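Chemist: sequence first, predicted model second:
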Amino acid sequence: MNSTKHKFFHWGAIGSLVLLIVWCVAWEMWIAPLKPGGSWMVLKAAPLLFPLLGVIKRDLYTLQWTSMMILLYFTEGVVRGWSDTTKPWLGWGEAAIVVVYFLCAILYVRPYKKAAKQAAQELLQKVNSSKTK
């Protein structure tokens, strides 16, 4: 894979994850909290802090599981974007940020998955050829 594209996807994943954390906190504390002065809903940003270091360090396992976990935020964004009558753009914005993260994480991990699959196939061929000798 092109090194420039690889860096782009890594930085895209970091940037969108950080943006999602800031978005969730700002949404629930200042822009449109469920209760005036902020609400406990701001804690929804806390689970996003756990994988942040792994994403920064390019940990493939972290990028893989967060690409699935983050879909919960996509669901929340779509539901609140569809149902909120005052500021639906906050929900749709959350969903859009999640889509960016998902694509960047998947596209960053993709060449590693291909290489692992190729290595597994080569090993299997090697094992099978040694059995026939």
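Modeler: Sure thing, it's come through. Residues are numbered from 1 along each chain as shown.
Chemist: only C-alpha atoms from now on, for both contacts and neighbour counts.
Modeler: Noted.
Chemist: for this protein, what's the longest helix?
Modeler: Taking DSSP state H as the assignment, the helix of the chain that covers the most residues is helix 88-132.
Chemist: packing partners of that one?
Modeler: Helix 88-132 sits against helix 3-26, helix 60-69, helix 71-83, with contacts defined as 3 or more C-alpha pairs under 8 Å, 6 or more residues apart in numbering; DSSP states H and E.
Chemist: if we use 6 Å, what do you get?
Modeler: If contacts are counted by 3 or more C-alpha pairs under 6 Å, 6 or more residues apart in numbering; DSSP states H and E, helix 88-132 sits against helix 3-26, helix 71-83.
Chemist: how many degrees apart are it and helix 60-69 in direction?
Modeler: Here helix 88-132 runs at an angle of 130 degrees relative to helix 60-69 (axes from the mean of the first three to the mean of the last three C-alpha atoms, to 10 degrees).
Chemist: show me where pLDDT drops low in the protein?
Modeler: Counting by pLDDT under 70, the chain shows low-confidence ranges at 1, 133.
Chemist: mind doing that once more with 50?
Modeler: Flagging of the chain using pLDDT under 50 yields an empty set of residue ranges.
Chemist: fine by me, thanks again.
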